[in-house]
Structure formats: structure tokens, C-alpha cells
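Student: I would like to see how this sequence folds:
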Amino acid sequence: MHVMVNFVQELFEYDEKTAYVMTADHGMTNWGSHGAGHPSETLTPLVAWGAGVNGPTPGNELKFKDGFTQDWQLTGISRCDVNQADIAPLMASLIGIPFPVNSVGVLPLDYLNNTNRYKAEAVLANAQQILSSYQVKEDHMRETTLGVFFSPFQALSDGRKADLYRRIRQHVVQEQYHDAITLTEELIQAALDGLNYYQTYDRFFLETSIALGYLGWMAYILQILFSQHTSLVKPASRLTHSTNDRLDIIFVAIAFCIAVLLTVQSSPWVYYVYCLLPVPLWYGALKRYNVFQNIIKYVSENVGIITVCLYCILGVVAIEMLVMIMFSREMISVGLLAMALWPVCTELRKTNKVLVCEWFIACLVLAIFPMMPVVGRDVNINQVTLAGCLALLSSIAALYTCYTQTSPKPSRQQVAASICQVLLIALAIYIINSTWDSLNSKEGVPVLNKVLSWTILLVCFIFPAIGPRNILWRLLSTGMSLTAVYILMSTAHEGLFCIALCYLMLLWLLCEHRLSASAAQKLYFLSFGDDTSLDQGPPRKLVLDDIRCAYFFVFFTITAFFGTGNIASINSFDPASVYCFLTVFNPFVMGALLLWKIVILFLLVTCTFQAIHLIQRLPTSSLFLVVLLLSDVMALHFFFFVQDHGSWLEIGTSISHYVIVMCMIIFVTMLLVVARLFTNATLPVISKTKTHKQ
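Tutor: Sure, this is the predicted structure:
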């Protein structure tokens, strides 16, 4: 900095007419990230000196403690805080040029070393610049809004602006500069409020249109669920269409009126989408309003009001639980504690007390991880090794149990493939320890470790297809393949979380099997190949427990992501998880590997859900619609949580929550497709061998 200042001084021959402004666009944490709301990321230095700049002002008053003033020995100097947008008008004033046209910054007068008259005139010019932006916005809204609907910003009416201008000029003429500056700052604040008013002028209108679209879509889904996937509606009522032709006329008239109003106001094309989309959705839902009439009649005749209210309260609490998880990971623990009591409310408390206890313990163990810090830069290979050893021992015990209980017995090739998977887990434990020993010794990652890691990653897609399609055997094979890869990508306790999640998924499967109509048939004899029979026989209708099962799936899917991390943790990209595969920075390959690490946990949940839907003899489309309805309810929540103020992380997180929930149904669809490949795919050579034996 000293060298640059001397260079500028020499260039202009020490004329003492140069002003210097030193600042930064953002702060940074001690691990090198920015964009969040922490003071170390949002506070930036602003140091100005030179021509036209005030000198330091003695004082000890601070709006907030920054933690730097004492370190820099500036405790006796008053700090002058400004918004980042205020720097532009400050620099414009120092060099004597007009303020930027679209700037919303307020000139910080405390930085200027000039006469009071100059300050009054300068801040008035600042007010006129902001008012010009306000006027353009107001004129645009007035031109594109029908007069009967237009509501101007009352705090800056034409009379109000004229009165403030007159009083400010009067104070300047009378050399009452302090009063002039105070009134001008009041005018600037009103102009900024007016800008925000017109920038969000259509927000309520658009939010209402989008909310109506969501509600119409959910009503349409409910109508399909009730009429086609439940036995609550009589078959005759499903085929009966409304004879009231006036409904068609009403909705056509509504669409026509909306289109005319938007055209008259020269609205953007997206307004047509937002406003017209609810019309066909509500038309589709209300055209068969008799479905809802039958549901209301059934509930009023067969279910008590108290029972309905209790179910509604339970549903609201369950949905709000999913919403709150996005903001606080600890809510996962609360949800798991509540789920731990679920089997107690079923017949399992009488028929299988051991399974109830195991489920309770598994929920409690998994509930520990959301209370722990998110997986970050602190590496703990001992925890990864412990997870690998637990996975190894569990796989050996599970393989022995499946082999002794399954009928018919797996072929030698299938048993050999399963043994190889156990060896891959042991190999993964060796690789992760060897890799980090080499890194800690500054020797780099051995090439053999990288080759073996990539080999394990590739064969994880092959081994599940070699094993039999028996539900337990195929889930075990899939779990061993995915766990081996996950261990290679673990750096701390996320490996233990993966093992705990696997145990809970197994117990979930066992509980659902005991409660299903397939309980009479042993789980060892059920196969993923039986899903083809679902389309041949009469489909089973939805019951209340199916909604609970779909909710569990959504909850466990969210838990799989937020159990050891959160959206904020993505802010700090840490490639340590992929060091077993590569150490040279490659954002695309590293990003793909980290994405696969997240997907592994999702697949463990989805494969289990695939098995449960098969056990319950329920078509996938039925549960799919329930999951779609849950995701839409969550999306409507997060739509109103989207914000346009705060730190980049706060704004980005609110948008990310909404986008994640909006894309959930697409993501779930993709997960179901991939899970189907893991659970149903069979290599041709194995398929032929199996057919020949039969």
C-alpha cells in the first residue's frame, strides 16, 4: 500500500489533490470461505484519506463490537460505519462527478472534509438521483396498472415532495445547513422506501396466484388419490361427471377476464403463466366435486370429529417437522425420538417386543448424529476405521444368516461375489488408512490406492446384479457395495452415520413386513422379481398406514442429507472426501464424486422403500402420489420463506430450500429408477445359469 501511494504521489508531482479509498467486496472466514452471514464475512474495512476526506474523529462510541479495534489500537477513534452501497456516492463526490444513475447508496457526510453548504448541496443531489430512480419506477407502475387498481406510495405524494423541496431550499438559503441535511436524509429514506414499495408492488398479487396454483394442484392430486387409489369413493361416483355445464362457462370466463386484464396492463408473459395456470387446475379438481362430497360424507358418518381433528393436528405437526429440519438439523433428532415410539402404537408391542426394542435403540442411535457438528475439515480416520469394522462384521453376520435361511440356496458364483464384497470393505478400510498415513507423511497418495479406489467404485454397480433377487440378499449386496465406496469417501463420523442408517432401514423393513398382509410369508422367500405380479392382480387400495409409510420415506430421505451436513456446509468446498481417488484439483470429477457420496445414502433409503412397497403389494404410483402431495405442501411453505434481503447465504439458502423441495419429486423419481436397477437388474450370465438350474 505504501509503495502504491508513493507511486501515485510521484505521478501527480505531490499536488495533494488525490483521495484514496481502500475497501473490499467481502470478508472471509479463517478457512477461506465467504458468502455467509458471519461478521467475519459481512464486515469489510473502509479506510479513506487524502484530499477532501475528513481526518479521524476522537471518540469511543461503537454501534457494535468488531473485535478488531483493540487489535489495531484504534480504541480512541470513532468508527464511521456505512453500507457497502454508500461507497459509490462517496467516491463520486470526492472526484466531483454525478452520482451513479441506479445507485441506492446514501452519501456518508462524515467522510467529507468540506463546507456545510457543499455537504447540503451534495446530499440534495444524492436525493435527486435516488428520486429520479423512484420516479421512473412509479411512472412504469402507473402505466402498466389500471387506474382503478393502482395504489401510489402515500409517503411521497407530489405535494409531499414539493413541500420537502421547498423547505430544504429555504433552509439552504437561510444557511441552516444542518436542518437542510436532516430533511434531505428524510427525503432519501422516503425515496428508498418508495423504491422498495414499487419493486415489490406485484408481490402479493403474484404470491396469491402461485399459492392458488399450488392449492389447485394439491386438490387435483387429492381427487385422483381418493377416486382411483382408495376405497372411500364408490365406483359409480368415480364415473359420474358433473352435469352442471355452467362450471365450464365460469372457468372459461375467468380465464378470459384474466387474459384481458393482463393484456391491457402490458404484463410480462410470465404473469400469464402464474395467473392462468390455477384455472385449469381448479377446474380439474372441481369438475368432480362429488368425490370430495363423498369423502366428507364418509368421514362424517364413520369417523368422529375428535378423531379427524387429531389426525389433522398430527399431519400439520408432521409436515412442520419436515419444514423445520431444513432450518435446524436438531429437529431430525426430535423426529427420530417420536418415530422410536411408533411400533409401540401398533400390534408389534404384543407380537414382537424384541423388534420394538431394536427399533427404539436404532432410532436413538441415529438421533445422536444430527446433534453433532456437521462434517467439515476436521479429519478423524479412527471413526472411519470403526465404521468400516462395524460394516465388515455386520456384513459377515448378515451373509451367514441369509445363506442359512434363504431358499433356494444361492449359487457358488453368487456366494463368491458376496465374499468378494466383504473383502472389498476390508480393502476400503486399508486404503483409507494408508491414504491418510501417506498424506500426513507428506508423501502423497500411492497410485495403487487410487487404482483400487476407482476399481471399488466401478464394481459397486456390478456386484448387486450378480446376487439373487431375494429381497434380503439383494438389499445386503447393495448395502455392502455402497458402504465400501462410502467408507473411501468418509473423513469423520459420517461413516458411522451410514452404518446406523443401514441398521434402521433393515428394522424399518422388518417392522413393515410384520404389519403387512405378507407377514405370513417369511421375508427370506420374497423376491424383487415378484413386483411384476402387482400389475397382474387387482391393485390394493391405499390405507392410512400407507400415508405414514410415504411420510417415513420423505423423512428418511431428508435425514440422509441433513444427518451429517447442511446446505451451509456446501459453502466450504472440501475435497478431502475424495483424496482416495484423486488429489489434483479437478472440480468436475470431485463434484461428481461428492454428489455420489450424497446419493449413496439416498439409495439406501430408496432401495428399502422399494422393498417395502413390494411387501405391501401396493403399486408404486399410489405411494408416488402421496410423496408428490407431501412435497407440494412443503414447497408451498418454502415459497413464502424465500427472501430477497440478508447475506448471500441467507438469500441463497431460502431459494435453495424452495428449489430442493420443488425438485424433490423429480429427484425421488430418479432415485426410484436407480434403486430399481440395483434391486432388479441381473447380469445375463447369472440369469442364464439360474434359469438352467430351474
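
Student: any idea how far residue 521 is from residue 347?
Tutor: Distance, residue 521 to residue 347, using C-beta to C-beta, to the nearest Å: 18 Å. All C-beta atoms are positioned from the backbone trio N, CA, C, and that covers glycine.

Student: That should have said residue 50, apologies.
Tutor: Distance from residue 50 to residue 347, by C-beta to C-beta: 82 Å.

Student: Touching, residue 629 and residue 219? I think so.
Tutor: No. If you go by C-beta atoms under 8 Å, residue 629 and residue 219 don't touch, sitting 10.3 Å apart.

Student: rewinding a little: compare neighbour counts for residue 50 and residue 347 and give me the winner.
Tutor: residue 50 (16 against 10; other C-beta atoms under 10 Å).

Student: looking at it, the more buried one is touching residue 18, isn't it?
Tutor: Yes. Contact between residue 50 and residue 18 holds when scored by C-beta under 8 Å: they sit 5.3 Å apart.

Student: Find me the pLDDT at residue 646, would you?
Tutor: pLDDT, residue 646: 69.

Student: On the three-state scheme, residue 49 is what?
Tutor: Look at residue 49: counting by DSSP: H, G, I helix; E, B strand; the rest coil, its state is strand.

Student: Show me the shaky parts of the stretch 301-450 of the chain.
Tutor: By pLDDT under 70, the low-scoring segments of the stretch 301-450 of the chain are 376-377, 406-408.

Student: returning to what we had before: more neighbours: which of residue 629 and residue 219?
Tutor: residue 629 (19 against 16).

Student: check contacts around the more buried one.
Tutor: If you count contacts by C-beta atoms under 8 Å, 6 or more residues apart in numbering, residue 629 has them with 218, 221, 222, 225.

Student: Equivalent analysis for residue 185, please.
Tutor: 106, 123.

Student: give me phi/psi at it?
Tutor: Per-residue torsions, residue 185: phi -60, psi -30 (degrees, to the nearest 10).

Student: same deal with residue 20?
Tutor: Here is the backbone geometry of residue 20 (degrees, to the nearest 10): phi -120, psi 130.

Student: which non-adjacent residue is nearest it?
Tutor: Closest residue in space to residue 20, ignoring its immediate chain neighbours: residue 50 at 4.7 Å, by C-beta to C-beta, 6 or more residues apart in numbering.

Student: ok, and the most crowded of the contacts of residue 629?
Tutor: residue 225 (20 neighbours).

Student: Helix or strand for that residue, just tell me which one.
Tutor: Here residue 225 is covered by helix 203-228, with elements defined by DSSP states H and E.

Student: Now do that helix: which elements does it pack against?
Tutor: Applying 3 or more C-beta pairs under 8 Å, 6 or more residues apart in numbering; DSSP states H and E, one finds that helix 203-228 contacts helix 235-239, helix 269-276, helix 278-286, helix 289-302, helix 620-641.

Student: Need the residues that contact whatever helix or strand comes next after the shortest one.
Tutor: Translated: helix 235-239. Once the chain leaves helix 235-239, the next helix or strand it forms, by DSSP H and E, is helix 246-264. Helix 246-264 is contacted from outside by 146, 271, 272, 275, 276, 279, 280, 282, 283, 286, 287, using C-beta under 8 Å, 6+ apart.

Student: now these in CSV, with distance to residue 494, pLDDT and neighbour count?
Tutor: As requested, these are arranged in CSV below (distance: C-beta to C-beta, whole Å; pLDDT from 0 to 100; neighbours: other C-beta atoms under 10 Å):
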residue, distance to residue 494, pLDDT, neighbour count
146, 57, 83, 9
271, 45, 90, 18
272, 46, 92, 14
275, 46, 93, 23
276, 46, 93, 16
279, 47, 94, 19
280, 45, 92, 14
282, 45, 92, 19
283, 48, 91, 18
286, 48, 86, 18
287, 50, 84, 17
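
Student: now those residues as a markdown table including distance to residue 169?
Tutor: Shown next, in a markdown table, are those (distance: C-beta to C-beta, whole Å):
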| residue | distance to residue 169 |
| --- | --- |
| 146 | 36 |
| 271 | 42 |
| 272 | 47 |
| 275 | 46 |
| 276 | 50 |
| 279 | 54 |
| 280 | 58 |
| 282 | 56 |
| 283 | 59 |
| 286 | 61 |
| 287 | 65 |
